[in-house]
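**Q** 3D model of this:
(one chain, ligands or ions: 1)
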Amino acid sequence: MKNILISTGHSLRYEDFVRAENCALFDSSGKRYLDLESGVWCTSLGHCHPKITKIIARQSKQMIHTGYCYLNPIIDVTAGKLLRITGINSGKCVFLCSGSEAVEFSVKMTGSFSDKPYFLTMKNCYLSAYGISGERSEHDWIQYDWKNGENIEEIDFSKISAFVFEPGSSSGLVHFPPEELISKIVLKVRENGGIIIANEVTTGIGRTGEWFGYNHYDFTPDIAAIGKGLGNGYPVSCVVISDAVLEKLNLKEFHYAQSHQNDPLGAAIANEVIDIIEKENLIARSKIIGDEIRNRLKEIKNKYGIIKEIRGRGLMIAIEFEDNGNFSYAERINEELLKKNIILVKRPGFEVFRVDPALTIKKNDIEYFLESFEQIVSTIR
Ligand SMILES: Cc1ncc(COP(=O)(O)O)c(C=O)c1O
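**A** Just a heads-up that it's a prediction; the model follows:
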């Protein structure tokens with residue numbers, strides 16, 4: 001594995017994974033690992049779900065790609081389903097490849113018709129790999145620090161074109177802004193003529209025990225940017241846009257085109273993902289199983305005193321450890337978990353684990369994780 005570049009401070013892990021099935025990854029010697037991070041939180045129906053594999057084979061024989069100006073029935077059918085499940089109901093969809101593209105498209109499109117100078121988002125939200133809210137952004141941003149109690153009365157809402165709301169991840173650390181605060185912001189933005197963009201890349205498609213993270217709040221967005229779980233590991237994302245936004249949009253002034261926009265293969269996979277979630281009642285399952293895991297983790301927290309907080313919604317779960325001042329609990333426990341072939345996310349520099357298994361995770365895999373975790377926590381010094 002000498003030819004692979006890994007950026008952003010991560011190193012290539014040593015396992016040589018060659019095959020995957022639901023929450024299991026197998027290396028070339030046949031050793032089984034338990035994947036509690038669903039790749040990069042993408043394989044929400046488990047790796048190589050047989051129905052997804054079948055759809056990929058079937059659609060690949062019919063049509064993988066075409067120009068984005070041509071309509072294929074599967075694109076339209078999937079767009080209709082996304083309009084329905086988002087609750088936006090009446091509007092249009094654009095299919096793209098990644099979460100970053102979906103968020104960037106949403107922001108650029110809004111910037112093309114709004115005469116207000118600022119986008120508002122929460123401090124520490126992750127929006128895109130291409131830096132739409134970064135230093136070189138063509139837009140001006142207000143990063144509202146809700147966790148440190150910044151006063152929203154100080155924001156001039158008449159200057160906000162859109163509130164880009166990420167309902168629950170906050171740079172992977174799993175924080176959920178309070179409902180009352182979000183209702184207030186949504187109301188103020190809308191009263192002043194701005195719109196609401198929901199960044200559902202991580203929280204969408206059943207991850208939090210609802211179809212979308214904003215379903216835990218009391219509003220429907222004007223635009224929803226969806227990625228990750230939508231393709232179950234295949235790179236497809238979607239921007240769902242309401243009629244109210246489309247009325248403001250002048251397509252002559254907004255140019256956006258890329259080669260894989262509205263590809264039938266991605267749409268066919270997204271369509272199957274939605275069908276499987278509905279037929280197998282996976283959103284309710286994600287809520288129930290997530291609550292069960294959190295309850296068990298809270299018992300472990302109360303017993304051993306090295307865990308600071310367990311938080312989450314559905315199957316988006318975070319375990320935060322106490323600061324030991326001496327060594328990192330998270331690092332040491334992560335090393336021990338890996339020895340037991342358990343893989344989860346430990347963000348470098350943070351005492352936090354993320355547990356985001358597939359919505360289809362089997363009970364025996366959950367049991368194996370919880371028993372192994374408790375055994376390690378009980379002996380860590
Ligand atoms: C909240 C959020 N938005 C956007 C993105 C970007 O998505 P992608 O990596 O698919 O481009 C991510 C990726 O982790 C994310 O967590």
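**Q** for Ala20, grab the count of nearby residues.
**A** Neighbour count for Ala20, taken as other C-beta atoms under 10 Å: 17. Where you see a C-beta, it was placed from the backbone N, CA and C, and this is true even at glycine.
**Q** does it count as helix, strand or coil?
**A** State at Ala20, reduced to three classes by DSSP: H, G, I helix; E, B strand; the rest coil: strand.
**Q** what parts of the stretch 1-150 of the chain come near the ligand?
**A** For the stretch 1-150 of the chain, the residues in contact with the ligand (C-beta under 6 Å from any ligand atom) are 98-100, 103, 126-129.
**Q** where exactly do the strands run in the stretch 251-381 of the chain?
**A** 307-313, 316-321, 342-343, 345-346, 352-355 (DSSP state E, counting those that start in this stretch).
**Q** list the buried ones in the second one?
**A** For strand 316-321, a neighbour-count test (16 or more other C-beta atoms under 10 Å) marks 316-321 as buried.
**Q** same check on stretch 255-266?
**A** 256, 260-266.
**Q** least confident of those?
**A** On pLDDT alone, Tyr256 ranks lowest of these, at 92.
**Q** who's in contact with that residue?
**A** 105, 108-109 (C-beta atoms under 8 Å, 6 or more residues apart in numbering).
**Q** who's Cys238 bridged to?
**A** Beta-bridge partners recorded for Cys238 (DSSP bridges): Phe95, Ile226.
**Q** ok and the residue in this structure nearest the ligand?
**A** Gly99 (2.4 Å; C-beta to the nearest ligand atom).
**Q** run a quick neighbour tally on that residue.
**A** 27.
**Q** quick check: the farthest pair among the buried residues of strand 316-321?
**A** For the buried residues of strand 316-321, the maximum inter-member distance is 18.1 Å, found between Met316 and Phe321 (C-beta to C-beta).
**Q** Thr203 contacts Phe212, doesn't it?
**A** Yes. The pair Thr203 / Phe212 is scored as a contact, 6.6 Å apart, by C-beta atoms under 8 Å.
**Q** so the chain: which segments form each domain?
**A** 17-35+281-379, 50-279 (automatic domain parsing).
**Q** now the end-to-end length of the longest one.
**A** Taking C-alpha to C-alpha, to the nearest Å, the first and last residues of domain 50-279 lie 15 Å apart.
**Q** now do the shared contacts for Thr203 and Phe212.
**A** Joint contacts of Thr203 and Phe212 (C-beta under 8 Å, 6+ apart) are Pro167.
**Q** who has more neighbours, these two?
**A** Thr203 (31 against 24).
**Q** what does the stretch 201-350 of the chain have sitting close to the ligand?
**A** 201-202, 227-228.
**Q** what about 5 Å?
**A** By C-beta under 5 Å from any ligand atom, the residues of the stretch 201-350 of the chain that approach the ligand are 201-202, 227.
**Q** quick one on the thing from earlier: mind listing which of the residues of the stretch 1-150 of the chain next to the ligand are in helices?
**A** 99-100, 103 (DSSP state H).
**Q** list the contacts of Phe165.
**A** 121-122, 182, 185-186, 196-199, 214, 221.
**Q** nope, Tyr33 is what I was after
**A** Tyr33 makes contact with 15, 17, 24-27, 341-343 under the criterion C-beta under 8 Å, 6+ apart.
**Q** let's see it at 10 Å
**A** 15, 17, 20, 23-27, 338, 340-343 (C-beta atoms under 10 Å, 6 or more residues apart in numbering).
**Q** burial measure for the closest residue to Tyr144 other than its chain neighbours, as a count.
**A** The shortest distance from Tyr144 to any non-neighbouring residue, by C-beta to C-beta, 6 or more residues apart in numbering, is to Met122 (5.6 Å). Neighbours of Met122 under the rule other C-beta under 10 Å: 22.
**Q** now the one 3 residues further on
**A** Other residues within reach of Cys125 by the criterion other C-beta under 10 Å amount to 20.
**Q** I'd assumed Thr203 was in contact with it.
**A** No. Assessed by C-beta atoms under 10 Å, Cys125 is found out of contact with Thr203, at 11.3 Å.
**Q** can I get the ones in helices among the residues of the stretch 1-150 of the chain next to the ligand in a markdown table including pLDDT?
**A** Putting these into a markdown table (pLDDT from 0 to 100) gives the following:
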| residue | pLDDT |
| --- | --- |
| Gly99 | 97 |
| Ser100 | 96 |
| Val103 | 97 |
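**Q** just put the residues you listed in CSV and tack on distance to Thr379.
**A** Shown next, in CSV, are those (distance: C-beta to C-beta, whole Å):
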residue, distance to Thr379
Gly99, 38
Ser100, 41
Val103, 42
